[in-house]
Each structure stands twice: as structure tokens, then as C-alpha cells.
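Visitor: Need a 3D model of the sequence below.
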Amino acid sequence: MDMDRGLWLALAATLPLFGVEFWRYNDPALKLDIAAPLLIVCVVVGIGWMSGLRRRLAGREFAPAVSETPPDWWLAAALFAFVGWHLFGWIRASDPVPAMRELLKIGLGALVLWGTLTFFPRDRRFLEVFWTTSLWACWLLVAALFLRYAFVFRATFLGIQLEAESATGRNLLAWVLMPMFLCALFRACAFRRSVDVPPLVFLAAGLLYIGSRGAWISVLVGLAVSAVVSGLRRFRACLLVAAATLVVAWLFLVLAVPAALQFPRRALFLLSPGSVPELHTYEIRLKLIRDALACFRESPVIGLGLVGTERCINFAPHNDYVAVLGDLGVVGLLLFVGILGIITLRLIGGQPVGDGAPWLAQMSCGALAAMLVSISALGMYSTPVFWLLLGLFLVEARSRMAETALRSPVGG
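Guide: Residues are numbered from 1 along each chain as shown. The predicted model follows:
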């Protein structure tokens, strides 16, 4: 195995650490909080860029992309414009220090996306190994957290720290578990092996134990999109597997965690909000959105500047679409939605779909849909892991297109 593939596998093995608050580099003075996988992806992308530059200086072609298809210049232009508009937002920011941090995160995220799309190995089988490695690392991490929170802390919710019980930050872990659960589900449906059962059950139990209603809704949307991608007839079997998994996970949680477990009442809230009045946090979030939109009206075209919305309402809006609209105006939101639209079209356009859709295609399309729904309740768009996952989904679509082209008869 070459060094590049070894680094990509190291990234896969540490990818779930984006969802927890340990094994990180933390600098309180600079307010830096860097997860281990971010360091790895920076190294592997940096090596790729230096290798490509060396090839260019030697008069050869730049380092190859994941397939023989040409670079996606529409996506490159949209990314460049989006980062540039963030630079303009930083210039206009009333508080330049936190605004600079947001600018650096967005710039890093754009480089991570483009570097992943450019330098990930052109091997679909390796891509499957990458996601399988990440899946197993994730469920083992969830199992370790479960042991601590269910049997040591006797906690109501699954947390994101090992040494002490954490009451906040659960949505970060839920956001990482969403694509991993879909990965486990479609892999289990594709291969039908008993070895795929533990990851599926533990990830389902983890999502339930976290108690994030937004994550549950996002996963349901992802499953609906996956049903369209794979075809309803083929998806019926996966739906039965998902239902059985949730029943087993529910029974497992009922037997393993304290009586104070909150996920049944949180599930009841989705069906009958009036029955659980203590969980009306949606009203709080809707008020934040209304306040943010009121601030947006002060400068609707170009926005208030980076972190301007948070300063205006004295709280994070917990909605990336509203945050971008308030900070960067209509221009910034159009660029953001444009990038997400281009990526969505690339995933849909990476045939085949329907009954011939591979499990990675089902996972990528469903996970993208879940992510786009989840950021309406979370602030994730400026984090590098958001752009890394987008890059990995694009790698899957591009490799699928290349594989389809190889199988197609030449000359029609």
C-alpha cells in the first residue's frame, strides 16, 4: 500500500472523532479546537498539492483527479466566489477576530473539498474500503461511549466526552452518526452478512440515545431520498431491515440504560407536541430565526458581515441558511445554495440509479439529503468536516460516472 492510501485510511479510521470532544488539539488563547482527522486530511491534501506542483514543474501533467473526467469548473468558480464573498464579509465585520476564524474555516473547508475530489485514489473498491473502515471505527467509538454513559455515568443522554459526563454538544455526534448509519444500513442490505449487524444496531441505538429529534427527522428524509435513488421495489427490503434494526435498538436501550431515558418522550413530541410541553425548543429556535431575519432586513443584499447575525441577536441562529443570509446577504445565500445545488446535480447525474444503484450511491444521496436538512437546525457549514463529506460524496459520484463510462459500448 502506498503512503497516500495509508493516509486516507488513517483519515477513515479517525473520521468519527469529528463528533466527539477528546483527542483534539485545543488552544484556549487562540480559541482553536482541531480534531485529529482534520490534521490528517490537511497532510494528505498538502502532499497531493506538493506532488502535483512537482509534476507541473517537471513539465508533466498535474496530479490526476479521481476519474478521467475534466475538473468541475462550475463548482470551482462557485467555491472561489463563496470564499471571496466571505472575505468581503470579514472586511465588513464589526468584530474582526471571530470573523477571521470563520473566514479561515471556510477557506480551509473549500481546500479540503477540492483536495479530496482531486487527490482521492481513483479506485472505487478503495472507496468502499474507506467507508467500511470509517463505519467500523464509528460503531466501536459509539460502543465505547455507550458503555461509559449507560453503565458508568447512568446518563439520560449519550454524550461526547469520555472522562466526564457531557450534557451539551450531542448534536455534533448525531451529525456524524447520520451518514454512518445510512452507510451501515445500505451495506447490510447489499451484502447481507451477519458481521454487518453490530454496526447497524449500535449506530441506530446511538442515534436514539443521543435524543436529537432533528437528527431523526434528517435520517428519515435521507431514507426517503435513498428510496427514490434505489427504486421503491428494491428499497422495500432495506426499509424492513431499518424497521427491524430500530426495534432491536429500542429494546436494547430499554434494557441497558436508566429508567430516566428520554428518547421515548422525545419521539412522542414528534407525534404529539402538546403531550410533552417541556420539549418545545423548536419555539425557541423559531424565535431565533425570526430575530435573525429582522436583522437581515438591515442589509439584505450584502449582509451584516461575518458573525454579524450572531452579534445582532446575541445568540447563534442554529440555522446555516439563515446565518449565511444574515451575514452575507442574498448574494451569499445564492452562492451557498448554488454550491449545494451543483453537488446535488453531480450526485444525481452519476448514473446508474434505480435498481442498479450501488450501496455507496444510496448512502451518498441519502446522507447528502440528511445533511442539507440538518443544517437548518445546526451550525455546521463552516466546519471542515461538512466540506470533507461533500468532497467524499462527489468522489463517489465521479467514480460511478467513470465506471459507467467504461462499461458503456464505444460508439453507442
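Visitor: buried ones in stretch 391-405?
Guide: 391-403 (16 or more other Cβ atoms under 10 Å). C-betas here are computed from N, CA, C, even on glycine.
Visitor: Next secondary structure element downstream of the helix or strand encompassing residue 222?
Guide: Using DSSP states H and E, residue 222 falls within helix 213-230. Moving toward the C-terminus from helix 213-230, the next helix or strand (DSSP H and E) is helix 232-256.
Visitor: shaky segments in the chain?
Guide: 1-3, 27-32, 52-71, 167, 232, 234, 258-281, 350-357, 404-412 (pLDDT under 70).
Visitor: Checking residue 168 next. Helix, strand or coil?
Guide: coil (DSSP: H, G, I helix; E, B strand; the rest coil).
Visitor: now residue 94
Guide: What three-state DSSP gives for residue 94 is coil.
Visitor: and it, what is it in contact with?
Guide: 304-305, 308, 311 (Cβ atoms under 8 Å, 6 or more residues apart in numbering).
Visitor: ok, it to residue 312 distance?
Guide: 9 Å (Cβ to Cβ, to the nearest Å).
Visitor: what sits in contact with each of those two?
Guide: Contacts common to residue 94 and residue 312, judged by Cβ under 8 Å, 6+ apart, are residue 304.
Visitor: can you tell me which of the contacts of residue 94 are in helices?
Guide: 308, 311 (DSSP state H).
Visitor: so which pair among the contacts of residue 94 is furthest apart in space?
Guide: 305 and 311 (8.8 Å; Cβ to Cβ).
Visitor: Now residue 291: closest residue in space that isn't a chain neighbour?
Guide: The spatial neighbour of residue 291 that comes closest, neighbours along the chain excluded (Cβ to Cβ, 6 or more residues apart in numbering), is residue 313 at 4.3 Å.
Visitor: Neighbours of the one you found, how many?
Guide: Using other Cβ atoms under 10 Å, residue 313 has 20 other residues around it.
Visitor: so it makes contact with residue 290?
Guide: No. Between residue 313 and residue 290 there is no contact under Cβ atoms under 8 Å: 9.4 Å.
Visitor: Strands along this protein, start to end?
Guide: Along the chain, the stretches classed as strands by DSSP state E are 24-27, 32-35.
Visitor: Any buried residues in stretch 140-153, and which?
Guide: Applying 16+ other Cβ under 10 Å to stretch 140-153 flags 141-142, 145-146, 148-150, 153 as buried.
Visitor: Closest one to residue 100 out of the residues you listed, please.
Guide: Among the buried residues of stretch 140-153, and counting by Cβ to Cβ, the member closest to residue 100 is residue 141, at 32.1 Å.
Visitor: Next up, the contacts around that closest one.
Guide: 16-17, 20 are the contacts of residue 141 under Cβ under 8 Å, 6+ apart.
Visitor: From residue 235, how far off is it?
Guide: 28 Å.
Visitor: Repeat that for residue 293.
Guide: Distance from residue 293 to residue 235, by Cβ to Cβ: 37 Å.
Visitor: same check, this time on residue 334
Guide: 33 Å.
Visitor: Ok, residue 292 next?
Guide: For residue 292, the distance to residue 235 - Cβ to Cβ - is 37 Å.
Visitor: try residue 210
Guide: Going from residue 210 to residue 235 by Cβ to Cβ gives 25 Å.
Visitor: and the two? which has more neighbours close in?
Guide: More crowded of residue 210 and residue 235, by other Cβ under 10 Å: residue 210, with 27 against 22.
Visitor: what's near enough to touch residue 188?
Guide: Counting by Cβ under 8 Å, 6+ apart, residue 188 has contacts 196-197, 200, 241.
Visitor: Could you pick out which of the buried residues of stretch 140-153 are located in helices?
Guide: Using DSSP H, those in helices are 141-142, 145-146.
Visitor: Could you dump these into TSV with distance to residue 171 added?
Guide: TSV is the format used below for these (distance: Cβ to Cβ, whole Å):
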residue	distance to residue 171
141	16
142	15
145	15
146	18
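Visitor: count of residues packed around the nearest residue in space to residue 163 that is not next to it in sequence?
Guide: Computed as Cβ to Cβ, 6+ apart, the closest residue to residue 163 that is not its neighbour in sequence is residue 22, at 7.4 Å. When neighbours are defined as other Cβ under 10 Å, residue 22 has 13 of them.
Visitor: hang on, isn't residue 22 packed against residue 159?
Guide: No. Contact between residue 22 and residue 159 fails when scored by Cβ under 8 Å: they sit 10.8 Å apart.
Visitor: Also compute the angle for the biggest helix by length in the chain relative to helix 213-230, please.
Guide: The longest helix of the chain (DSSP H) is helix 320-349. Helix 320-349 runs at 20 degrees relative to helix 213-230, counting by axes from the mean of the first three to the mean of the last three Cα atoms, to 10 degrees.
Visitor: same for helix 320-349, what does it pack against?
Guide: helix 73-91, helix 281-296, helix 308-313, helix 359-374, helix 384-407 (3 or more Cβ pairs under 8 Å, 6 or more residues apart in numbering; DSSP states H and E).
Visitor: Kindly provide the distance from the residue nearest to residue 103 when sequence neighbours are not counted to residue 84.
Guide: In this structure, residue 103 finds its nearest non-sequential neighbour in residue 90, 4.6 Å apart by Cβ to Cβ, 6+ apart. Note on residue 90: its distance to residue 84, by Cβ to Cβ, is 11 Å.
Visitor: Neighbour count: the two, which is higher?
Guide: residue 90 (21 against 12).
Visitor: and the more buried one, what is it in contact with?
Guide: 96, 99-100, 102-103, 305-306.
Visitor: try it again with 6 Å
Guide: By Cβ atoms under 6 Å, 6 or more residues apart in numbering, the residues touching residue 90 are 99, 103, 306.
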